[in-house]
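Q: Need the 3D shape of this:
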Amino acid sequence: MKEAIKWTLNRMPKSDDQQLSVMSLPNVAKARFFHSSFPQYSITPLAELDGMAKYLGLAGLYVKNEAHRFGLNAFKVLGGSFAMGRYIAKEMDRDVSEMTYDYLTSESFRREFGQATFFTATDGNHGRGVAWAANKLGQKAVVHMPKGSSKPRFDNIAKEGAQVTIEEVNYDDCVRMAAAEAEKTPHGVIVQDTAWEGYEEIPAWIMQGYGTMSSESAEQLRQIGVNRPTHVFIQAGVGSLAGAVVGYYTNLFPNDPPKFIVMEAMAADCLYQSAMAGDGSPRVVAGDLQTIMAGLACGEPNIISWDILRNHVTAFVSCPDWVSARGMRMLAVPVKGDPTVISGESGAVGMGLLAALMETGEYKDLREAIGLDRFSQVLMFSTEGNTDPLKFRKVIWDGEYATV
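A: Down below sits the predicted model:
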C-alpha cells in the first residue's frame, strides 16, 4: 500500500517580507551576467510537454532541464560559483561585475588575491558545483558528504580536484563540520546554501546565483508566448532554491504572482512541518533523513529563504519516494511528440506530484485549492539529470518505488 502525499495550504501569519529584496531583479541580473562570462555557459533547455499537458488536462506544462548546466548534470553550480565571485569581490573591495571568468582566471588576479579554501557540505550536486568552480578559478575546495552518499557522486567531486570525504553523520552535521573547519583555516570560507543566525550573506548570494535559472525560464516562456506561468512547482531541501524561484517570480510579477507549490521529501519535510505548525517559525526535522531524493534530504530550513516562503507560497507538500520515482519514469518515457527529460530523484518530484493531482480524485481537494485546471500554465524545474546511474536504473528499469 503506497504512502499518501501530505499537504497543507499556507495559513501562516505574514512577516514584514524583508528578505524578498535578496531576489530583486537587479540582483539576479548581476548573477546572470557573472555566469554568462564563463565559456561553459549556455541557457539550459525549457522542455515544452504539450502532449503531457493535454493528457493531464492542463493548458501547458514546461520543464526547465538543468541536466545541461555547465556539463555538470545539475543546477547547483549556479549558486556556489556566484557566491565565490561575490566573496572574492568583497575581499578585494570590488564590485562583482568586475569578477568575470577571464579576470578570475588571470595571472593578475592570482597575484592580487592568491588562493582561498572553500568548504562545503553536500549530498552531491552542490559539492560538485563548488569543486568545479574552485577548480576552474584556481581556488581550493574541501567537501564533506553525509553517510549513505553515493559513490558516483563522490567520484564526480573528487574528479574536480577537491578534498572530499563521506562522513558517518547526516547532512546538517556535515554543514557544522565544514563551518568549524573553515573557521580554523587561513583564507577559509564556508559556501553553504543553508543560512543560520550570523551566517546569512553567502546563502543570500547562493540564492541569487540560482536566480539565473529563474531568469532564463521567464525569458524562455515569453519567447513561446506564455507571459506568466499560473503555477510554479518547486522542490525544497533547506529551501534556498525554492526561496530563490519564489522570490524571483514574485518580484517579476508583484501584482499577480503565480501560485507556488513547494514540495519536499517526506523523510525531511521541515518546511511542511513548519507550515503545519502555523505560527511562522521554522521547524527542524532530525535523524538520518533517508530518502531517494538525496538532494532534498535536509532537515533545517534556510532562515532567509523561509521568510520568503512563508509570505508567498500557496501550498506545502510532503512527498513519499514513489512520487519522485513516478515523475522520473514519466519524464524519461514521455507522451508521443514530447521531448525526453532525463531527471534524477530530486529533479522529478514535481512531475510525480502533478500527475497525482491531475490523474485521480484522491487529491482533488489540493487540486481545487490551488486552482489547477485546463487553463493552467505550469512551470517545473528538473534540477538534476542522472547523477546516480545505479539508482536511476533501479527506478527506471526495475520499477523500484512502484506506484501501486
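Q: OK, contacts around residue 45?
A: With contact set as C-beta atoms under 8 Å, 6 or more residues apart in numbering, residue 45 has these partners: 64, 65, 68, 339. Where you see a C-beta, it was placed from the backbone N, CA and C, and this is true even at glycine.
Q: cutoff 10 Å now
A: 63, 64, 65, 66, 67, 68, 216, 220, 339, 341, 382 (C-beta atoms under 10 Å, 6 or more residues apart in numbering).
Q: Could you do residue 19 as well?
A: Residue 19 makes contact with 195, 200, 204, 207, 243, 247, 302-311, according to C-beta under 10 Å, 6+ apart.
Q: Can you name the residues that contact the nearest residue to it once chain neighbours are set aside?
A: Leaving aside its sequence neighbours, residue 19 sits nearest to residue 307 (C-beta to C-beta, 6 or more residues apart in numbering; 4.2 Å). Going by C-beta under 10 Å, 6+ apart, residue 307 touches 14-20, 22, 195, 239, 243, 247, 280, 282, 301.
Q: Got a quick ChimeraX command for the buried subset of those residues?
A: This is the ChimeraX syntax for the buried subset of these, where burial follows 16 or more other C-beta atoms under 10 Å:
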select :19,20,22,195,239,243,247,282,301
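Q: Closest to residue 331 out of the contacts of residue 307?
A: Nearest to residue 331 among those is residue 239, at 23.3 Å by C-beta to C-beta.
Q: surely the closest one meets residue 302?
A: Yes. Assessed by C-beta atoms under 10 Å, residue 239 is found in contact with residue 302 at 5.0 Å.
Q: Identify the contacts common to these two.
A: With C-beta under 10 Å, 6+ apart as the test, residue 239 and residue 302 both reach 193, 194, 195, 207, 270, 271, 282, 308, 309.
Q: next one: phi and psi at the third one?
A: Which is residue 195. The phi/psi pair for residue 195 (degrees, to the nearest 10) reads phi -110, psi 150.
Q: just checking, which of the contacts of residue 307 belong to helices?
A: 243, 247 (DSSP state H).
Q: So among the contacts of residue 307, where is pLDDT lowest?
A: Lowest-confidence member of these: residue 195, scoring 87 (pLDDT).
Q: who's in contact with it?
A: So residue 195 contacts 19, 201-204, 206-207, 238-240, 243, 300-307 (C-beta under 10 Å, 6+ apart).
Q: Who wins on neighbours among the shared contacts of residue 239 and residue 302?
A: Ranked by neighbour count (other C-beta atoms under 10 Å), the shared contacts of residue 239 and residue 302 have residue 207 at the top, with 34 neighbours.
Q: So which bits of the helix or strand where that residue lies are buried?
A: Here residue 207 sits within helix 201-223, counting by DSSP states H and E. For helix 201-223, burial by neighbour count (16+ other C-beta under 10 Å) applies to 202-218, 220-221.
Q: Which neighbouring elements make contact with whichever helix or strand comes after that helix?
A: Once helix 201-223 ends, the next helix or strand along the chain (criterion: DSSP H and E) is strand 231-235. For strand 231-235, the packing partners by 3 or more C-beta pairs under 10 Å, 6 or more residues apart in numbering; DSSP states H and E come out as strand 60-65, helix 201-223, helix 240-252, strand 259-265, strand 315-319, helix 349-359, strand 377-382.
Q: Do you have the helices of the stretch 51-200 of the chain handy? List them.
A: 77-91, 101-104, 107-113, 125-136, 151-158, 171-184 (DSSP state H, counting those that start in this stretch).
Q: Which elements pack onto the fourth one?
A: Packed against helix 125-136 by the contact rule (3+ C-beta pairs under 10 Å, 6+ apart) you find helix 77-91, helix 101-104, strand 117-121, strand 140-145, helix 151-158, strand 163-166, helix 201-223.
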